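A.B. asks: need a 3D model of the following:
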Amino acid sequence: MSTEQKIERRYGAIVVGGGQAGLSASYWLSRAGVDHVVFEKKSVMHKWREERWDTFCLVTPNWQCQLPGHAYEGPDPHGFMVKHEILSYLDGFARKTNASVREGVEVLAVEREKGLFLVTASAGRFLADAVFLATSLYGDPYRPRCAARVPDSVAQIHSAEYRNAAALPPGAVIVVGAGQSGAQIAEDLHLDGRKVHLVTGNAPRCARFYRGRDVVDWLTDIGQYEITVADEGMGRKRQDTNHYLTGRDGGRDIDLRAFARQGMSLYGRLNDVRDGRMVFEPSLKANLDEADRVYNGINALIDRHIANKAIDAPPGSVYQPVWTPGEEPEALDLTASGVGAIVWATGFTPDWSYVQLPIFDGSGYPVNRRGVTSVPGAFVLGLPWLWTWGSGRFLSVGRDAESVVRHWLQAAGMVSAA
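C.D. replies: Residues are numbered from 1 along each chain as shown. Next up, the predicted model:
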């Protein structure tokens, strides 16, 4: 594309996305004195404001909130911030970075143009020496195609739209997906007294506390959050589903078997929707068993650490199932079961359509090593397992941003490699 059309301005760097990853990049660019801008399609941190339910809270302890220059300094480092506290923390980070953000500006295309990057946005066309793509994998809410065959009498929302039980129409609720969001939303509805049907998948689970401490604290001491994709292999790790547990009410396990004993109905993976019925795979027992295997495996890892370090701690234990499914249901009639709503906790699909650079593999994933792509000056940020298990979290997103900014500055000869 020719640059003969009007160019609004040239920057040293352009950051696409105003979430924690984009603002972290802006923080380090500002520290280096780089003239830059952050283009945000909606508003800064909008996903935290607009796509979280009312009782949402962190599942990792507050002390892991380590955004650059803005570590958590509140009174409860081992607690779990709830939604309004998270927003206050993030707003404080945005103020502290004093980032040059242009909200309401959608980036339409990023192209290579004569050694520079041509960024076409809703506010015009811009040039930059480097681009930092921080729009993450959590782009558009995903619903399976079979959702189109759900009867019109049943309301459908995505987990990104869920706020509370009262906002849903009367009747039973189906939650499709038992990852972190789905399991917590199912719990929220269950605690509100709703009849819940939970459709499970392959998500693993983890204990909240074990042998006298939060499991996150143990895993940090063991070094799990510093395991890198170089150690473990990025192809496998980037597809991992987060373990389900919760920080609600001070933190606890989420045990789907216990929910079943209390009246929640559990199903295997969704196979189809037809003739007013949801049809399931007979995978419930396997899904629960695998989640428990991971649960006990993590605890066993902690047991070995305690033994090797001769740490004085309460005795260990092995989880024993409190409920086992009998014959697995093959289908659920939506009308006969009184279902009023479905919450699709089925994740998101990334939107890289604006990136017109040769950085993607056959599956559409940006090939990179700790955010550095094969196109000089083009970087990605905010992805799970970008480098470590902590990448994409408040714990390490700032360190990843510092790494890619430093890499660019060194490659451009703006700082020494020493």
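
A.B. asks: and the pLDDT for the residue nearest to residue 136 when sequence neighbours are not counted?
C.D. replies: Leaving out its chain neighbours, the residue that sits closest to residue 136 by C-beta to C-beta, 6 or more residues apart in numbering is residue 382, at 4.3 Å. From N, CA and C alone the C-beta is placed, and that goes for glycine too. The per-residue pLDDT reported for residue 382 equals 94.

A.B. asks: correct me if wrong: residue 382 contacts residue 396.
C.D. replies: No - Residue 382 is beyond contact range of residue 396, at 10.7 Å (criterion: C-beta atoms under 8 Å).

A.B. asks: these two: which has the busier surroundings?
C.D. replies: residue 382 (26 against 21; other C-beta atoms under 10 Å).

A.B. asks: where does the record place the domain boundaries for this protein?
C.D. replies: Split into domains by automatic domain parsing, the chain comes to 9-139+350-411, 141-344.

A.B. asks: looking at those, which one is packed in the most?
C.D. replies: domain 9-139+350-411 (a mean of 19; mean count of other C-beta atoms under 10 Å).

A.B. asks: kindly check the end-to-end length of that domain for me.
C.D. replies: End-to-end distance for domain 9-139+350-411, by C-alpha to C-alpha, to the nearest Å: 23 Å.

A.B. asks: figure out how far it is from the centre of its chain.
C.D. replies: Distance of domain 9-139+350-411 from the chain centroid (C-alpha atoms, centre = their mean, to the nearest Å) equals 13 Å.

A.B. asks: now residue 129, nearest residue through space, not along the chain?
C.D. replies: Nearest-residue entry for residue 129: residue 12, 5.4 Å, with adjacent residues in sequence omitted and distances by C-beta to C-beta, 6+ apart.

A.B. asks: quick one: contacts for the one you found?
C.D. replies: Residue 12 makes contact with 29, 34-36, 128-130, according to C-beta atoms under 8 Å, 6 or more residues apart in numbering.

A.B. asks: rerun that using 7 Å as the cut-off
C.D. replies: 34-36, 128-129 (C-beta atoms under 7 Å, 6 or more residues apart in numbering).

A.B. asks: so it, which of the three states?
C.D. replies: At residue 12, secondary structure determined by DSSP: H, G, I helix; E, B strand; the rest coil is strand.

A.B. asks: residue 137 too?
C.D. replies: Put simply, residue 137 is coil when judged by three-state DSSP.

A.B. asks: thinking residue 111 is in contact with residue 356, fair?
C.D. replies: Yes - using C-beta atoms under 7 Å, residue 111 makes contact with residue 356 at a distance of 4.8 Å.

A.B. asks: quick one on the thing from earlier: of the contacts of residue 12, which is the nearest to residue 249?
C.D. replies: residue 36 (41.8 Å; C-beta to C-beta).

A.B. asks: and the gap between the closest one and residue 129?
C.D. replies: Residue 36 sits 10 Å away from residue 129, going by C-beta to C-beta, to the nearest Å.

A.B. asks: tell me the residues that contact both of those two, please.
C.D. replies: Both residue 36 and residue 129 are contacted by 12-13, under the criterion C-beta under 7 Å, 6+ apart.

A.B. asks: for residue 149, give me its contacts.
C.D. replies: Counting by C-beta under 7 Å, 6+ apart, the residues that residue 149 touches are 273-274.

A.B. asks: relative to residue 200, how far out is it?
C.D. replies: Noted for residue 149: a distance of 21 Å to residue 200, by C-beta to C-beta.

A.B. asks: same deal with residue 81?
C.D. replies: For residue 81 relative to residue 200 (C-beta to C-beta), the value is 28 Å.

A.B. asks: can you check residue 146 too?
C.D. replies: Here the distance between residue 146 and residue 200 works out to 17 Å (C-beta to C-beta).

A.B. asks: likewise for residue 385?
C.D. replies: Distance, residue 385 to residue 200, using C-beta to C-beta: 24 Å.

A.B. asks: then residue 355?
C.D. replies: 34 Å.

A.B. asks: equivalent analysis for residue 311, please.
C.D. replies: In terms of C-beta to C-beta, residue 311 sits 35 Å off from residue 200.

A.B. asks: and for residue 65?
C.D. replies: 30 Å.

A.B. asks: for residue 286, same thing?
C.D. replies: 10 Å.

A.B. asks: same question, residue 320
C.D. replies: Distance from residue 320 to residue 200, counting by C-beta to C-beta: 19 Å.

A.B. asks: try residue 80
C.D. replies: Shown here: residue 80 relative to residue 200, a distance of 24 Å by C-beta to C-beta.

A.B. asks: next one: residue 181
C.D. replies: Separation of residue 181 from residue 200 (C-beta to C-beta) stands at 13 Å.

A.B. asks: equivalent analysis for residue 49, please.
C.D. replies: Going from residue 49 to residue 200 by C-beta to C-beta gives 29 Å.

A.B. asks: for residue 97, same thing?
C.D. replies: For residue 97, the distance to residue 200 equals 40 Å [C-beta to C-beta].

A.B. asks: and for residue 14?
C.D. replies: Noted for residue 14: a distance of 42 Å to residue 200, by C-beta to C-beta.
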